[in-house]
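J.: sequence-free structure coming up:
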């Protein structure tokens, strides 16, 4: 109990000191500096939101307004015809649209969950335990971040082919789960958890899994929420590539991308498709980002 109170006191003192330093910095900054900083952030915020606003507006433009040059950021005659045309095309598919949606939700859900669980479980011993080869493993993880998905596409295909997983959901899920980004991100955050906190839990009788689930994961909430955002965005936009051939297993992004290739006549449908594919990950990002900001402000711990 005394050790836990000491740790809690140190964390509280660290947060108070950080708040004091923040107040001092804010006092040293002039009103003019605050105005310039606010205007700068507002400019970059508007600049960043411009593509999203243009996608949203284009989805409701009639065909006659889509090709106006220079492009307009407003709609004179908003319409839902683009979405109606999209539904008409989808109704002609041999496979129900709900099946494509299910495939995407399954691949995205399992891929994101697996990335967080396996990445955090592997990062825990690498961050908190020293064993033969641990430093080499950490170096290899950093080295692996240099390789893009294009470079690893052929090795992934050969491995999935040897395992007999081609044309299955796992051919897309497993390579995503095996990426080192989640492991790298979680490992760097778990290192910051005080060792005294883990030792106190062991004295209280907690086993390794209890320490991981009841201590490490709650304290590393900013890391795994950020990992959820990155993994979800990647898995949501996957098309299955060369791994999935059956039409019944195709994800939603593949089908919608095929609709865009219908020529100029489907430009309005392409705008509706772009909005549908963007709105879900953006919504997830906004919701998760607020949680990350809140958690980062209340759980800053250093060793």
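T.: Thanks, I have the structure now. Only a predicted model underlies this, so the values are computations on that prediction, with no experimental measurement involved.
J.: Just confirm residue 153 contacts residue 241, I think it does.
T.: Yes - between residue 153 and residue 241 a contact is recorded at 7.4 Å, counting by CB atoms under 8 Å. (Each C-beta comes from the backbone N, C-alpha and C, glycine too.)
J.: Number of residues surrounding the closest residue to residue 142 other than its chain neighbours?
T.: Take residue 142 and drop its neighbours on the chain: the residue closest to it by CB to CB, 6 or more residues apart in numbering is residue 184, 6.8 Å away. By the measure other CB atoms under 10 Å, the count of residues near residue 184 is 18.
J.: Please name the residues that touch residue 184.
T.: The neighbours of residue 184, taking CB atoms under 8 Å, 6 or more residues apart in numbering as the test, are 141, 142, 145.
J.: rerun that using 10 Å as the cut-off
T.: The contact partners of residue 184, taken as CB atoms under 10 Å, 6 or more residues apart in numbering, are 119, 123, 126, 138, 141, 142, 144, 145.
J.: One more: residue 113?
T.: When contacts are counted by CB under 10 Å, 6+ apart, residue 113 is found next to 173, 177, 228, 231.
J.: among those, which two are most distant?
T.: The two members of the contacts of residue 113 with the most space between them (CB to CB) are 173 and 228, at 15.2 Å.
J.: Tell me which of these two has more neighbours.
T.: Taking residue 173 and residue 228 together and counting by other CB under 10 Å, residue 173 has the greater number of neighbours (24 against 20).
J.: residues touching residue 280, list them.
T.: The contact partners of residue 280, by CB under 10 Å, 6+ apart, come to 104, 108, 232, 233, 236, 252.
J.: now do residue 240
T.: Counted by CB under 10 Å, 6+ apart, residue 240 has contacts 103-104, 107, 167, 169, 171-172, 246, 249-251, 253-254.
J.: List only buried entries from the residues you listed.
T.: In terms of neighbour count (16 or more other CB atoms under 10 Å), the buried residues within those are 103, 104, 107, 169, 171, 172, 249, 250, 251, 253, 254.
J.: And the strands in the stretch 51-200 of the chain?
T.: In the stretch 51-200 of the chain, no segments count as strands under DSSP state E, counting those that start in this stretch.
J.: thinking again about what came up before, can I get the contacts of residue 280 in TSV with distance to residue 38 and pLDDT?
T.: Listed next are those as TSV, based on distance: CB to CB, whole Å; pLDDT from 0 to 100:
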residue	distance to residue 38	pLDDT
104	40	88
108	37	90
232	31	86
233	29	83
236	33	85
252	40	82
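J.: Near residue 286, how many other residues are there?
T.: Residue neighbour count, defined by other CB under 10 Å, stands at 10 for residue 286.
J.: How confident was the prediction at it?
T.: Residue 286 is assigned 76 on the pLDDT scale.
J.: Does it lie in a helix or a strand, and which?
T.: Using DSSP states H and E, residue 286 sits within helix 267-298.
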